[in-house]
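Visitor: Sharing a model prediction with you, sequence too.
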Amino acid sequence: MQQDDSNTDQQLFELLKTSDKAAFMAIYNRYREPLYLFACNLVKNEDLAADLVQDIMLRLWEKRETTALHSTLESYLFSAIRYRFFDWIDRQKVRQDYIDRFQTFLDQSHWQTDNAIAEREVMQIVNDQIDKLPQKMRIVFLMHYKDHLNADEIADQLQISKKTVQNQINNANQQLRKQLGKLYWFLFLF
């Protein structure tokens, strides 16, 4: 495909479904800035807005053969940004929920560490290790332990295989167990 602006969104989308990289780049170049501005308005953070746009575009490329448009490409992309924003909010709520539950545990049990590590430092260590997990692994891990979803439910929501979900959960547990040592068990207090 030649790089020009004469192709309609529908034409570009049809070319994209055939793995036409030039069509993808044309879509990317056409919508990068408007999506970025829209995302900035939602999240009020330029770096996060850029990440949301990159994530949407990557997902569009990865799912190009199976994605179906029920309206325009433009509305699809802007809706995708909006849904990613809601996912981001949910992740922030998950993190706050973990902090709140741990604080409640500390308040009720007057728990103290043997090594004189302050309660907040322990929680920070646990959160830091969760944050260090690769993004997709972290999402699967939190969906499993926070939302109590099973592998089939997670696979359906994320449109990945059940085996991938199981591997992500196992790998996350192994990494966290290795990095947190005895603190690993604090994950299950929430």
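Guide: Looks like it arrived, so ask away.
Visitor: ends of stretch 150-165, how far apart?
Guide: 9 Å (C-alpha to C-alpha, to the nearest Å).
Visitor: tell me how far it is from the chain's mean position?
Guide: Relative to the chain's own centre, stretch 150-165 is displaced by 14 Å; criterion: C-alpha atoms, centre = their mean, to the nearest Å.
Visitor: what about Ala23, how many neighbours?
Guide: 21 (other C-beta atoms under 10 Å). The way it works is simple: take the backbone N, C-alpha and C, and place the C-beta from them, glycine included.
Visitor: got it, and Asp90?
Guide: Around Asp90 there are 15 other residues, counting by other C-beta under 10 Å.
Visitor: Are there helices or strands packed against the helix or strand hosting it, and which ones?
Guide: Assigned by DSSP states H and E, Asp90 belongs to helix 73-109. Other helices and strands packing on helix 73-109, by 3 or more C-beta pairs under 8 Å, 6 or more residues apart in numbering; DSSP states H and E, are helix 9-17, helix 21-43, helix 46-62, helix 119-132, helix 135-145.
Visitor: Comparing the ones you listed, which yields the minimum mean pLDDT?
Guide: Least confident of these, judged by mean pLDDT, is helix 119-132 with a mean of 78.
Visitor: got the buried residues for that helix?
Guide: Val122, Met123, Ile125, Val126, Gln129, Ile130 (16 or more other C-beta atoms under 10 Å).
Visitor: Name the nearest residue to Thr67, sequence neighbours excluded.
Guide: Spatial nearest neighbour of Thr67, excluding adjacent residues (C-beta to C-beta, 6 or more residues apart in numbering): Leu60 at 6.8 Å.
Visitor: where's that neighbour relative to Met143, distance?
Guide: Remark: distance between Leu60 and Met143 (C-beta to C-beta, to the nearest Å) = 22 Å.
Visitor: Of those two, which one has the most company?
Guide: Ranked by neighbour count (other C-beta under 10 Å), Leu60 and Met143 place Met143 first, with 23 against 20.
Visitor: Correct me if wrong: that one contacts Asp156.
Guide: No. With contact defined as C-beta atoms under 8 Å, Met143 does not reach Asp156; the gap is 11.0 Å.
Visitor: Please parse this protein into its domains.
Guide: 9-85, 112-189 (automatic domain parsing).
Visitor: Out of those domains, which gets nearest to Val94?
Guide: Closest approach to Val94 among the domains of the chain is made by domain 112-189 (4.9 Å; C-beta to C-beta).
Visitor: Let me see the contact set for the residue nearest to Asn150 when sequence neighbours are not counted.
Guide: Spatially, and ignoring its direct neighbours in sequence, Asn150 is nearest to His144 (7.8 Å; C-beta to C-beta, 6+ apart). Each residue near His144 by C-beta atoms under 8 Å, 6 or more residues apart in numbering is listed here: Asn150, Ala151, Ile154, Val165, Ile169.
Visitor: Produce a ChimeraX select command limited to the buried residues of those residues.
Guide: Applying 16+ other C-beta under 10 Å to these, the buried members can be selected in ChimeraX as follows:
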select :151,154,165,169
